[in-house]
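**Q** Sequence and predicted structure, then a few things I'm wondering about:
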Amino acid sequence: MTDAERPAGAVLAEAADAAGYAPSVHNTQPWRWRVTADALDLYAVRDRQLRAADAEGRLLTVSCGAALHHAVVAVAAQGRSAVVTPLPDPADPDHLARIGLAGHTGVTPEAMRRFQAVRLRHTDRRPVSDTPASPEAIAAIGQAVAAEGIQLHILTPDQVLELAAAASHADQVEAEDEEQRAELAYWRGGDRPAGTGIPDEVVPGQAPQTTVPGRDFVRAGTLTVGPGHDRAASYAILYGPGDEPADWLRAGAALSAGWLTATELGVTVLPFSSVIELPSTRQALRSVISNLGYPYLVVRLGTADPETAGPPHTPRLPAAQTIEVAG
Ligand SMILES: Cc1cc2nc3c(=O)[nH]c(=O)nc-3n(C[C@H](O)[C@H](O)[C@H](O)COP(=O)(O)O)c2cc1C
């Protein structure tokens, strides 16, 4: 059977499968897919929402937006184009999107490269090397983000210091909040649902000496980090014009688009979301971008330390738990 002859349901089921590789806050994978003969529906799974740190579901929705974009990338890699309807059912806010298929586009090398990046992309919490990401690569990542209707603001050195202060403050507040500490410990610990969460192997063995502190994941992991200091890192804020679920979904798609582009160009991406979780630091970031829009996520961009081995891939839930194929 040629790609052009494959039934829509099979194309969409493969897209749902690929979407499972998407990044999500604390690797919660807060999504569920329903595949029918002609549509793929995306639902939020509130059981895997961070109720303490993310009560409004902002980061849950950003994570689902990343999965949605991964699905669209997988559709394109099968020579088809996707039509996405965000929030298709006003009566059900957890029904985040519906994907349908439009015409046959043929499989382009660009679509295949993008699809390959889905399997390669990962979060690297080691300090970046002293070789910065090139201006061309950063511009390409910004364009990929902008294509999804979101802006990427690269912070000036002074703004990086403001970010560092905000990140320290957010971590301190989180550490002092018992509920948030317990929630983070759950997604880091042995009791988390199998196939989710943050394993030891991807968390640094000792806190890297960086200007902007990475998230404190309760206890050290086993990932080896070099002496790098992140001096060559670029920090950026993803922001846009609104602060509603539709905007968060778009921000997630933009995160995925930027991250897959970065992966193709050899640039590592590390998200920082504690500054988004806390209202006061989210507001501080808003001032950093002169109230031009609402911040959705901070990312660090750089090139990987060639001296130490990178982290392994994090686990994923079995497809049977996240994908329902309707009769
Ligand atoms: C919305 C969002 C927020 C995230 N926030 C952080 C963060 O604050 N610190 C961090 O180290 N990783 C963060 N991550 C990365 C996730 O922990 C990571 O995507 C997840 O563990 C899956 O691992 P992988 O990206 O290597 O596939 C975030 C990811 C997303 C999508």
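**A** All right, it came through fine.
**Q** who in this structure is up against the ligand?
**A** Residues of the chain lying close to the ligand by Cβ under 6 Å from any ligand atom are 23-27, 59, 62-63, 66, 122-123, 125, 198, 214-215, 270-274, 297, 314. The C-beta positions use only the backbone N, C-alpha and C, and glycine is treated the same way.
**Q** When you filter those down to buried only, what's left?
**A** With burial judged by 16 or more other Cβ atoms under 10 Å, the buried subset of the residues of the chain next to the ligand is 23-27, 59, 62-63, 66, 122-123, 125, 198, 214-215, 270-274, 297, 314.
**Q** Now go through those residues and say which are in strands.
**A** Under the assignment DSSP state E, those contribute 270, 271, 272, 297 to strands.
**Q** quick one: contacts for the first one?
**A** The contact partners of residue 270, taken as Cβ atoms under 8 Å, 6 or more residues apart in numbering, are 123, 124, 125, 214, 299, 300.
**Q** which of those lies closest to the ligand?
**A** residue 123 (3.6 Å; Cβ to the nearest ligand atom).
**Q** Over to that closest one: give its phi and psi.
**A** phi -90, psi 130 (degrees, to the nearest 10).
**Q** Quick check: it touching residue 23?
**A** Yes - taking Cβ atoms under 8 Å as the definition, residue 123 is a contact partner of residue 23 at 6.4 Å.
**Q** Residue 224 - how many residues pack around it?
**A** 15 (other Cβ atoms under 10 Å).
**Q** no wait, residue 266
**A** 12.
**Q** Go ahead and confirm it touches residue 303.
**A** Yes - with contacts counted by Cβ under 8 Å, residue 266 reaches residue 303, the gap being 6.4 Å.
**Q** any chance of the ones in strands among the buried ones among the residues of the chain next to the ligand in JSON lines, plus pLDDT?
**A** Formatted as JSON lines, these follow (pLDDT from 0 to 100):
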{"residue": "270", "pLDDT": "98"}
{"residue": "271", "pLDDT": "98"}
{"residue": "272", "pLDDT": "98"}
{"residue": "297", "pLDDT": "98"}
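**Q** Out of those residues, flag the one nearest to the ligand.
**A** residue 271 (3.8 Å).
**Q** and that closest one, what does it touch?
**A** Counted by Cβ under 8 Å, 6+ apart, residue 271 has contacts 23, 123, 255, 297, 298, 299.
**Q** Ok, residue 108 next?
**A** Contact analysis of residue 108 by Cβ under 8 Å, 6+ apart lists residue 76.
**Q** please redo it, this time with the cut-off set to 6 Å
**A** Residue 108 makes contact with no residue under the criterion Cβ atoms under 6 Å, 6 or more residues apart in numbering.
**Q** Then the one 3 residues further on?
**A** If a contact means Cβ under 6 Å, 6+ apart, then residue 111 has 76, 77 as its contacts.
**Q** model confidence over the helix or strand where it lies, on average?
**A** Per DSSP states H and E, residue 111 falls inside helix 109-120. For helix 109-120, mean pLDDT is 98.
**Q** And for stretch 43-60?
**A** 98.
**Q** end-to-end on that stretch?
**A** With Cα to Cα, to the nearest Å as the measure, stretch 43-60 spans 11 Å from end to end.
**Q** How far off centre is it?
**A** Offset of stretch 43-60 from its chain centre (Cα atoms, centre = their mean, to the nearest Å): 14 Å.
**Q** now stretch 32-42
**A** Put simply, stretch 32-42 sits 21 Å off its chain's centre (Cα atoms, centre = their mean).
**Q** In it, which residues are buried?
**A** Within stretch 32-42, the residues that qualify as buried by neighbour count (16+ other Cβ under 10 Å) are 32, 33, 34, 35, 36, 39, 40, 41, 42.
**Q** and the residues you listed as JSON lines, adding secondary structure?
**A** Formatted as JSON lines, the buried residues of stretch 32-42 follow (DSSP: H, G, I helix; E, B strand; the rest coil):
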{"residue": "32", "secondary structure": "strand"}
{"residue": "33", "secondary structure": "strand"}
{"residue": "34", "secondary structure": "strand"}
{"residue": "35", "secondary structure": "strand"}
{"residue": "36", "secondary structure": "coil"}
{"residue": "39", "secondary structure": "coil"}
{"residue": "40", "secondary structure": "strand"}
{"residue": "41", "secondary structure": "strand"}
{"residue": "42", "secondary structure": "strand"}
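**Q** Of these, which is the nearest to residue 286?
**A** Among the buried residues of stretch 32-42, residue 42 lies closest to residue 286 (Cβ to Cβ), at 28.2 Å.
**Q** Restrict the host helix or strand of residue 170 to CA atoms and write it as CSV.
**A** In this assignment (DSSP H and E), residue 170 forms part of helix 157-176. Extracted C-alpha coordinates of helix 157-176, given in CSV (Å, rounded to 0.1, in the frame of the first residue of the first chain):
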residue,chain,number,x,y,z
PRO,A,157,22.9,39.9,30.0
ASP,A,158,21.1,42.2,32.5
GLN,A,159,17.8,40.4,31.9
VAL,A,160,19.6,37.0,32.5
LEU,A,161,20.5,38.3,36.0
GLU,A,162,16.9,39.2,36.5
LEU,A,163,15.9,35.7,35.4
ALA,A,164,18.5,34.2,37.8
ALA,A,165,17.0,36.1,40.7
ALA,A,166,13.5,35.1,39.7
ALA,A,167,14.5,31.4,39.4
SER,A,168,16.2,31.4,42.8
HIS,A,169,13.1,33.0,44.4
ALA,A,170,10.7,30.6,42.7
ASP,A,171,12.8,27.6,43.8
GLN,A,172,12.9,28.8,47.3
VAL,A,173,9.1,29.4,47.5
GLU,A,174,8.5,25.9,46.0
ALA,A,175,10.9,24.3,48.5
GLU,A,176,9.1,26.0,51.4
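**Q** Kind regards, and thank you for your time.
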